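Enquirer: Give the three-dimensional model of this entry:
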Amino acid sequence: MSFESAEKLQEMFDIADGVDLVFDEIENKLSGRQDLHAFLLLEKILPGKTGDMISAAEHDQIFLGVDLDELVVVITQEQVNELEACGVWIWESEGLAMFA
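Expert: As a prediction, this is how the structure comes out:
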């Protein structure tokens, strides 16, 4: 993953943090569950990728198997806002994570 991709996504997540969107306010939910909505949204944004959505877990955190270089090219700010509302964040500029 490139530094530029991580930096741009971090900026998008920083903007989303200021939006204060909560999960209940998301229109057209893909699931009534926050984690499943996040997974399905990522699958919708980057369809057809192989492998597991959860790539690792440690200390109540799960790490998502999403390529940030590919994601940054296609994700919108509104989609980042939704992911943030689902509890997803960028972990150490290496990938996406959320609490289990």
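Enquirer: What's the separation between the closest residue to Leu71 other than its chain neighbours and Val66?
Expert: Nearest residue to Leu71, sequence neighbours excluded (C-beta to C-beta, 6 or more residues apart in numbering): Leu46, at 6.3 Å. In this view, the C-beta of every residue, glycine as well, is placed from N, C-alpha and C. Remark: distance between Leu46 and Val66 (C-beta to C-beta, to the nearest Å) = 7 Å.
Enquirer: More neighbours: which of these two?
Expert: Val66 (22 against 15; other C-beta atoms under 10 Å).
Enquirer: and Ala57, helix, strand or coil?
Expert: Per DSSP: H, G, I helix; E, B strand; the rest coil, the secondary structure class of Ala57 is strand.
Enquirer: Same question for Glu78.
Expert: On the basis of three-state DSSP, Glu78 is classed as helix.
Enquirer: which residues in the chain form helices?
Expert: In the chain, the helices defined using DSSP state H lie at 3-19, 34-45, 68-74, 77-85.
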